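Engineer: quick check, what structure comes out for this input:
(chains A and B)
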Amino acid sequence: MILSAEKKNNQFTVALAGNPNVGKSTIFNALTGLHQHTGNWPGKTVDNAQGIYEHQKKSFLIVDLPGTYSLLAHTVEEQIARDYLCFANPDVTVVVLDATCLERNLNLALQVFEITSKVIVCLNLMDEATKKDLVIDVPSLERELGVPVVATAARQGKGLFELRKKIFQVASGSLQPSPRQIKYSSDVENALKELLPLVENIANNTLSPRWIALRLLDGDQSFLRSLSNYLDIDQASFQFQDWEESKCAQ
Amino acid sequence: MCAMSPSRVLSEVYGQAECVRNSYLKSFSDQIVADIYGNAEQITKHVLSKKESQRISFDLTIDNLVTSKWFGYPLMILLLVGVFWLTIEGANFPSELLATVLFAFQDQLTLWFQWAGAPNWVHGVLVLGVYRTLAWVIAVMLPPMAIFFPLFTLLEDSGYLPRIAFNLDHIFKRAKACGKQSLTMCMGFGCNAAGVTSCRIIDSPRERLIAILTNNFVPCNGRFPTLIAITSIFIGGAIASYSGLINALVISTIILLGVAVTLSVSWILSMTILKGEPSSLVLELPSYRRPKIGAVIYRSMLDRTLFVLRRSIIVAAPAGAVIWILANVYIGDQNILSAVAHILNPFGQLIGLDGFILMAFILGLPANEIVLPILIMSYLSTGSLQDYSSLEELRNVLVSNGWTWLTAINVMLFSLLHWPCATTLLTTYKETGSKKWVFLSFLIPTLIGFTACFIFTQVVQFFGLV
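Structural biologist: Numbers count the residues shown, from 1 in each chain, chains lettered A, B, ... in the order given. Next comes the predicted model:
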């Protein structure tokens, strides 16, 4: 199974998440030098790819997750991406955003922020945004989000060095992002408060209790299945069986 | 940690969560999504500003045009014909050149083998079998691919493909399938196995299965060269002027026929074993990007052209050897190849083909690319063995083996409508996880192919048109 990437010692894992068609594959290729086929239409990357690059004499294993609009697991791709981020515990997660439709893309970023704090936002397609006369205030976006934001135009190779640098800093711990958490309406927040103490019993230090509580409120069955798998099975040998199951269940 | 197993703790927590959920009146999942959107909107407001824009209106103008009711379809068909016209016209000369060079080298090889004193059978297997088959594969396939794939990648890169899906959505709806199916069909043009994998972009399992089962009705690049070669020889060649354009029209018609079959089969599946209503389509229309020519050429050559060529060479080389051996091992006074073809012949004749053609399709199961080379090899190795050094003489080979325009059309029909190649079947198994669906994906096109060729042949023969 591709997702249970074999991680070597001294190697950082970096997950690439993002909406479909925001240039994840292009960034993946640019970072790793692999030639994954890219195309200008959503859903191009339905298989996962992984590749390796080196920076500052450290090895980074990049996992290109399928493009998804959310992590609420309505589709198989969303489930794969969510389970990977939740349970595989990558050292850094890079959320690639399409600068030309920032708002829609931020939905995914905010959801990723709930799962992990080791996040970098890569604001891609800046060239396209400029062409569309969109102006994004990157420093203030960085402040709003609480995570490093790197503006890139991957097709032109712009901003990639900066991205590598930030990935290295977050992976090595010299930079510790504190991603903004979604403020829910009062009903949700109240219900969360009720649930959190209970959830903290099952969440170990890699899982975010808040995220689990939210999924419990969702009544998200697929997540519970993944979670119980995860809790029952030794973490080191965790495999994404759920993906196989969900694929065959149809 | 307490003695309780984690999963028991989990189910308890889940029970508690149920209580909490039920104590509130509204649905949390909707509220949570609404809140996420609200947060994203807020952030965006703070950081995004926009100058007066002309670019968006530019995209919109193009979109209104290419997805318009009156202009959308003609444009799609025009592009289809245009791409094939360029492919056929452009491939003519390099094909000819490659054939000349490669077959000239065959004579040289023969000389070397004679000089080295190699036994006859070694020369037969390696030169007349392996080398000659490879020469055919390369001469017939490489030029059209090297033109078609960059053109296709160009369309892909510019952002036009999703517009096709958008245009076709309502037709697929009527067939009770998903509009994204047309995207998976586009992938199928490259390779049906890739097309089947790409069906993962369809969310509904029912619609995904429909798309998987019908993907084979799009001719993949393994079949294009066959289609192109046969039209060029038999249809366009018969009408001297505008032959390129006529060939392109014929191929486009074949593809439209494939689309029609796809829609009909999708509809029939939806009415029978895969009952259900179509789900709605959410499709993002990406903005148009100017394709990077260098990247397009690089990718279409490396990822597609060379990939496919490599695959067909890997399959064709042993196939060439096997064919030569079969054609030169005699049982009684008949070689094995003719014997098998003889058995298949009555059946082949019934659907307007012959035993050799049917056998070539059967042997082509590993990869459709080698159907035509196998066929040529079979004809050459059993008939009067002449040296063929140009593509024009291909026509003579076929005609001397009893081909008419009816045979040509039937071969094209059967090429469009027959079992998927082994790789596609394997991929279908991987994607569906069920032998039942694999079997169906084999059976449906095969039945349709036999029926279509049978009816067409009987009608034409009844009216005495041939």
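
Engineer: quick one: the helix ranked longest in chain A near chain B?
Structural biologist: The longest helix of chain A (DSSP state H) is helix A:186-202. Yes. Helix A:186-202 comes into contact with chain B (Cβ under 8 Å from any Cβ of the partner chain), by way of A:187-188, A:191, A:194-195, A:198-199, A:201-202. For glycine as for every other residue, the C-beta is placed from the backbone atoms N, C-alpha and C.

Engineer: in that helix, what counts as buried?
Structural biologist: A:188, A:191-192, A:195, A:198-199, A:202 (16 or more other Cβ atoms under 10 Å in any protein chain shown).

Engineer: and it, what other elements does it pack with?
Structural biologist: Packing partners of helix A:186-202 (3 or more Cβ pairs under 8 Å, 6 or more residues apart in numbering or on different chains; DSSP states H and E): helix A:209-218, helix B:6-23, helix B:28-47.

Engineer: shaky segments in chain A?
Structural biologist: A:1-9, A:34-48, A:73, A:204-205, A:232-250 (pLDDT under 70).

Engineer: cool, chain B as well?
Structural biologist: B:1-9, B:51-57, B:236-241, B:279-284, B:381-392.

Engineer: does residue B:226 touch residue B:413 like I think?
Structural biologist: No. Counting by Cβ atoms under 8 Å, residue B:226 does not reach residue B:413; the two are 11.7 Å apart.

Engineer: ok, these two, which is more surrounded?
Structural biologist: Legend: neighbour count by other Cβ atoms under 10 Å in any protein chain shown for residue B:226 and residue B:413, higher for residue B:226 (25 against 21).

Engineer: strands of the stretch 1-150 of chain B, residue ranges please.
Structural biologist: B:48-50 (DSSP state E, counting those that start in this stretch).

Engineer: oh, that last question was meant for chain A, not what I typed.
Structural biologist: Secondary structure of chain A (DSSP state E): strands located at A:11-18, A:49-55, A:58-64, A:92-98, A:119-124, A:134-136, A:149-151.

Engineer: which one of those strands lies nearest to residue B:82?
Structural biologist: strand A:92-98 (30.9 Å; Cβ to Cβ).

Engineer: who's in contact with the closest one?
Structural biologist: For strand A:92-98, the surrounding residues in contact (Cβ atoms under 8 Å, 6 or more residues apart in numbering or on different chains) are A:12-19, A:21-24, A:27, A:85, A:105-106, A:108-109, A:112, A:115-116, A:118-125, A:128, A:163, A:167, A:170-171.

Engineer: ok, now which ones touch the nearest residue to residue B:148 once chain neighbours are set aside?
Structural biologist: Residue nearest to residue B:148 in three dimensions, not counting chain neighbours: residue B:87, with 4.6 Å by Cβ to Cβ, 6 or more residues apart in numbering or on different chains. Contacts of residue B:87 were listed using Cβ under 8 Å, 6+ apart, and they are B:144, B:147-148, B:151, B:228, B:248.

Engineer: can you put those in JSON lines and add neighbour count?
Structural biologist: Output for the contacts of residue B:87, formatted as JSON lines (neighbours: other Cβ atoms under 10 Å in any protein chain shown):
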{"residue": "B:144", "neighbour count": "25"}
{"residue": "B:147", "neighbour count": "21"}
{"residue": "B:148", "neighbour count": "26"}
{"residue": "B:151", "neighbour count": "18"}
{"residue": "B:228", "neighbour count": "28"}
{"residue": "B:248", "neighbour count": "24"}
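
Engineer: show me the two of those residues that sit farthest apart.
Structural biologist: Among the contacts of residue B:87, B:151 and B:228 lie farthest apart (Cβ to Cβ), at 13.6 Å.

Engineer: distance between the ends of stretch B:194-204?
Structural biologist: Distance across stretch B:194-204, first residue to last, is 19 Å (Cα to Cα, to the nearest Å).

Engineer: from residue B:153, how far off is the residue nearest to residue B:148?
Structural biologist: 13 Å (Cβ to Cβ, to the nearest Å).

Engineer: with residue B:253 instead?
Structural biologist: 24 Å.

Engineer: out of the two, which sits in the busier spot?
Structural biologist: Legend: neighbour count by other Cβ under 10 Å for residue B:253 and residue B:153, higher for residue B:153 (25 against 14).

Engineer: what residues are up against the more buried one?
Structural biologist: Residue B:153 touches A:39, B:291, B:296, B:299-300, B:304, counting by Cβ under 8 Å, 6+ apart.

Engineer: for residue B:130, same thing?
Structural biologist: For residue B:130, counting by Cβ under 8 Å, 6+ apart, the contacting residues are B:317-318, B:320-321, B:324.

Engineer: tell me the residues of the stretch 351-466 of chain B that contact chain A?
Structural biologist: B:431-434.

Engineer: how many residues are close by residue A:13?
Structural biologist: 20.

Engineer: for residue B:277, same thing?
Structural biologist: 10.

Engineer: roughly how far apart are the closest residue to it other than its chain neighbours and residue B:263?
Structural biologist: Among residues not flanking residue B:277 along the chain, residue B:176 sits closest, at 6.6 Å (Cβ to Cβ, 6+ apart). Distance of residue B:176 to residue B:263, given as Cβ to Cβ: 10 Å.

Engineer: residue B:37 too?
Structural biologist: Taking Cβ to Cβ, one finds residue B:37 at 36 Å from residue B:263.

Engineer: ok, the two, which is more surrounded?
Structural biologist: residue B:263 (19 against 15).

Engineer: might you report the residue contacts of the more buried one?
Structural biologist: B:171-172, B:174-175, B:177.

Engineer: highest neighbour count among these?
Structural biologist: residue B:177 (31 neighbours).

Engineer: surely it is in contact with residue B:266?
Structural biologist: Yes. Between residue B:177 and residue B:266 there is a contact under Cβ under 8 Å: 4.2 Å.

Engineer: tell me, what's touching those two both at once?
Structural biologist: What both residue B:177 and residue B:266 touch, as defined by Cβ under 8 Å, 6+ apart, is the set B:210-211.

Engineer: what's the farthest-apart pair in the contacts of residue B:153?
Structural biologist: B:291 and B:304 (14.8 Å).

Engineer: so between the two, which is more surrounded?
Structural biologist: Neighbours were counted for residue B:291 and for residue B:304 using other Cβ under 10 Å; residue B:304 has more, 22 against 18.

Engineer: domain assignment for chain A?
Structural biologist: A:11-172, A:186-248 (automatic domain parsing).

Engineer: how far does the longest one sit from the chain's center?
Structural biologist: I take that to be domain A:11-172. 7 Å (Cα atoms, centre = their mean, to the nearest Å).
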